[in-house]
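[1] sequence and predicted model, in that order:
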Amino acid sequence: MPPQRRPALSAAEEQRRANRPIRDPDPKRNAAYWARIDAIVDAAPPLTDEQRAVIRTAFHGARAQGAA
């Protein structure tokens, strides 16, 4: 299967990526780290609706407990 072609990034995505935490003080190693993360994310299959629901429940449930 040919590699997926990544669509152009939106301005919001460019800004989000520019604001990523620095994982290594060496700019080349830091860029390589985030390139590996991007490759892993791009290779992952999309989430199912059930998986999204579980994640939402986990986050919203934690907020509700914290507010209580």
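    Sure, I can see it.
[2] pLDDT weak spots in this structure?
    Counting by pLDDT under 70, the chain has low-confidence residues at 1-7, 62-68.
[3] again, only this time at 50
    By pLDDT under 50, the low-scoring segments of the chain are 1.
[4] mind listing what the residue most central in space within the chain touches?
    The centroid of the chain falls nearest to V41 when counting by CA atoms, centre = their mean (6.6 Å). Residues counted as contacts of V41 (CB atoms under 8 Å, 6 or more residues apart in numbering): none. Placement of C-beta: from N, CA and C, glycine included.
[5] that one: helix or strand, and which one exactly?
    Here V41, judged by DSSP states H and E, is contained in helix 27-43.
[6] could you count how many residues lie near N30?
    N30 is flanked by 15 other residues according to other CB atoms under 10 Å.
[7] what's near enough to touch it?
    Shown in contact with N30 (CB under 8 Å, 6+ apart): 22-24.
[8] may I see the residues you listed organised as JSON lines, with distance to T57 added?
    Listed next are the contacts of N30 as JSON lines, based on distance: CB to CB, whole Å:
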{"residue": "I22", "distance to T57": "32"}
{"residue": "R23", "distance to T57": "29"}
{"residue": "D24", "distance to T57": "34"}
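[9] from these, which single one is nearest Y33?
    Ranked by distance to Y33 (CB to CB), those are led by R23 at 4.8 Å.
[10] since that was my last question, I'll sign off now.
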